[in-house]
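Q: Make a model of this:
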Amino acid sequence: MGARGLRVLENIIDKYRKKNPNSSVQLGVSSSEIEWQSGPDSPYFIASTTKLYTTAIVFRLVDLKKIGFQTRIVDVLEPKFLDGLHCLRGRNHVCEINVYHLLTHTSGLPDYFEQRPPGERSLADQILANHDRSWSFEETLDITKRMKPHFPPGARRKAFYSDTNFQLLGRIIEKVSGKSFSENLDEHILSKIEAKETFLFDQTCRHRFSEIDPIFQGNTSLTVPLAMASFDCDGGIVSTVGETLSFMRGFQNGVFFDAAPLPDWRRIFFPLQYGVGMMRFKLPRFLDPFNTNPELFGHSGASGAFLFYCPTHDLYLAGTVNRTDQRSMPYRLMPEVIAALRRLS
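A: Got it, this is the predicted structure:
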């Protein structure tokens, strides 16, 4: 990749920065032919990209036989948390939910964060209005119980993206390992790639909020340290472009776990599908008749953070737009970058 190629990438990121003058837009790409980042490697909230890290920890605990994909949540977690969690049409389905259902968003559980319980504002609505508040694991389940499940666990061809699933996975990780989620993150992930700038943003480090790139909703910078310290295993990690790229290389190349189960891709929201702890982004043929946009595997978050791998070009892409009102922007940015690199090759 010569100087011309680097200028092309710089021009692309400059265009997106002009569209988002308030927020910090970051991009990094990595392959056998190029290692490039758009600027200083400043820390940012990776939001739901955290779920990839949680997934990697679960896979490792399966390797260690601490847990299995078919392990039922009722065999690990306390009944006081689970009573009334999944009642649909007069039947209690909570005993059917297993680890695989949580990883694949096929439990049918409502989403404690984005959905609105009857007569209430959602947590997402509150946070996007810059109303900072904290919540506990117990509160996420209480909110979930006030809503109707979407379908029975494992229903054929159904999936519903729910942050509740990964809250449950985080607690399961802690129960079967006897260690906190943060300790599991350090032991099974960060130590393997010598990541020094990545950490779980929890209640002990709220004082560091101002050190992290701000997230914007429109022109408003969201000052919500209590909320960001509450997401935990479903969206609470802080990292950098460089270290997320290192993580994704490790995820794809057996650094953290021996093997992952084959995915059964199910649509969550257009044009994304979900497999086992991972998203698949591929435009359908009617929107991409010449198949110019290769499929990408990874995850994105509500802040506009993204981390994906493109097998067709053996290319890794990471970054953020730090805008909650521009969640779709990474899905325009990444194909544009891939197309530019393809033309230059």
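
Q: so Tyr309 makes contact with Leu315?
A: Yes. In this structure, Tyr309 is within contact of Leu315 by C-beta atoms under 8 Å, at 7.4 Å. For glycine as for every other residue, the C-beta is placed from the backbone atoms N, C-alpha and C.

Q: Would you mind splitting the chain into its domains for me?
A: 3-50+184-261+283-344, 53-177 (automatic domain parsing).

Q: Just the CA atoms of stretch 313-323, as PDB, please.
A: Provided in PDB are the C-alpha atoms of stretch 313-323 (Å, rounded to 0.1, in the frame of the first residue of the first chain):
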ATOM      1  CA  HIS A 313      -9.800 -10.000   1.700                       C
ATOM      2  CA  ASP A 314      -8.400 -11.200   5.100                       C
ATOM      3  CA  LEU A 315      -9.100  -7.700   6.300                       C
ATOM      4  CA  TYR A 316      -9.900  -6.400   9.800                       C
ATOM      5  CA  LEU A 317     -11.700  -3.100  10.400                       C
ATOM      6  CA  ALA A 318     -12.300  -1.300  13.700                       C
ATOM      7  CA  GLY A 319     -13.400   2.100  14.800                       C
ATOM      8  CA  THR A 320     -16.200   4.300  16.000                       C
ATOM      9  CA  VAL A 321     -18.200   7.300  15.000                       C
ATOM     10  CA  ASN A 322     -19.200   8.100  18.600                       C
ATOM     11  CA  ARG A 323     -22.800   9.000  17.600                       C
END
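
Q: If we go by neighbour counts, what in it is buried?
A: Using 16 or more other C-beta atoms under 10 Å as the test for burial, stretch 313-323 gives 313, 315-323.

Q: and if you look at stretch 187-199?
A: In stretch 187-199, counting by 16+ other C-beta under 10 Å, buried: 188-190, 192-193, 195, 198-199.

Q: next one: stretch 221-229
A: Neighbour-count burial for stretch 221-229 flags 222, 224-229 (criterion: 16+ other C-beta under 10 Å).

Q: could you dump those to a markdown table with secondary structure and pLDDT?
A: Supplementary listing: these in a markdown table, determined by DSSP: H, G, I helix; E, B strand; the rest coil; pLDDT from 0 to 100:
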| residue | secondary structure | pLDDT |
| --- | --- | --- |
| Leu222 | coil | 98 |
| Val224 | coil | 98 |
| Pro225 | helix | 98 |
| Leu226 | helix | 98 |
| Ala227 | helix | 98 |
| Met228 | helix | 98 |
| Ala229 | coil | 98 |
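
Q: Of the residues you listed, which is the nearest to Ser134?
A: Minimum distance to Ser134 across the buried residues of stretch 221-229 is 4.1 Å, recorded for Leu226 (C-beta to C-beta).

Q: Might you report the residue contacts of the nearest residue to that closest one once chain neighbours are set aside?
A: Distance criterion C-beta to C-beta, 6 or more residues apart in numbering; nearest residue to Leu226, sequence neighbours excluded, is Ser134 at 4.1 Å. Ser134 is in contact with 203, 226-227, 229-230, counting by C-beta atoms under 8 Å, 6 or more residues apart in numbering.

Q: what's next to the longest helix anywhere in the chain, contact-wise?
A: As assigned by DSSP state H, the longest helix anywhere in the chain is helix 3-19. Applying C-beta under 8 Å, 6+ apart, the contact partners of helix 3-19 are 25, 27, 29, 34, 36, 38, 321, 329, 333, 336-337, 340-341, 344.

Q: Among those, which one is most surrounded by other residues?
A: Val321 (29 neighbours; other C-beta atoms under 10 Å).

Q: where does the spatially closest residue to Ile73 that is not a sequence neighbour fall, phi/psi-wise?
A: Leaving aside its sequence neighbours, Ile73 sits nearest to Ile97 (C-beta to C-beta, 6+ apart; 5.0 Å). Backbone geometry at Ile97, expressed as degrees, to the nearest 10, gives phi -70, psi 130.

Q: give me the number of residues near Ile97?
A: Other residues close to Ile97 by other C-beta under 10 Å number 24.
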